[in-house]
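>>> Task: produce atomic coordinates for the following.
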Amino acid sequence: MRYCVQQATAKDVALLALAMDDEDAGDTEFDGDAEQKPLDHLLNAFLSSTEVWAAHDAQGQPCALWGVGPTSHDYEVGRFWLLTCEEVETAPHDLAALSVIVLPEMLATYTRLESIVDAQNQRALALLEGLGFTVEPPAFHEPTGRRCHRVWIEADAAILCVKCRPALLN
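Have a look, this model is predicted:
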């Protein structure tokens, strides 16, 4: 499949949110109110991000979103997030190749990217590890009440290159 990657709009976020239900958004990192619904977290993540990128399929529908915003304790460190539809999620090579396009853009703004990933989300952990992220051992994450891994990558990571770039882009 071919994709077009560009800065995301609120419409992209809305279309991807409509294509999923609250349960699908459950892997979004929660930074506070446990009463808030996962799709509300997606909206808050979008609004608090300094950069949000979208991959669109051949029909122009968004199928993946990457976002990043400064952490509250260090504005040099970006808190990143990723949301995909099933089509891209089940094609790990496509998702990795698309991420290699987006992550260097984020690392041009932030010296380090980090996030928290649920220990049960093995696909996300494998993707991030394959992209060169350090995956720390799982620990209890109080805001979510789940065991999570802290993941991070520095801006000078040379691993963010695709050895064999498939024909994904227009």
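
>>> tell me the centre residue of the chain?
In the chain, the residue lying closest to the centroid (CA atoms, centre = their mean) is residue 82, at 1.6 Å.

>>> who does that one bridge with?
residue 66 (DSSP bridges).

>>> Pull out the buried positions in stretch 65-75.
Neighbour counts over stretch 65-75 (16 or more other CB atoms under 10 Å) mark 65-71 as buried. Using the backbone N, CA and C atoms, a C-beta is placed for each residue, glycine as well.

>>> re earlier: name all residues that make contact with the residue nearest to the centre of the chain.
Residue 82 makes contact with 64-67, 99, 124 under the criterion CB atoms under 8 Å, 6 or more residues apart in numbering.

>>> Need those in CSV (columns: distance to residue 6).
Shown next, in CSV, are these (distance: CB to CB, whole Å):
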residue, distance to residue 6
64, 12
65, 11
66, 11
67, 14
99, 15
124, 23
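
>>> Now tell me which helix or strand of the protein has the poorest mean pLDDT.
helix 86-89 (a mean of 68; mean pLDDT, DSSP states H and E).
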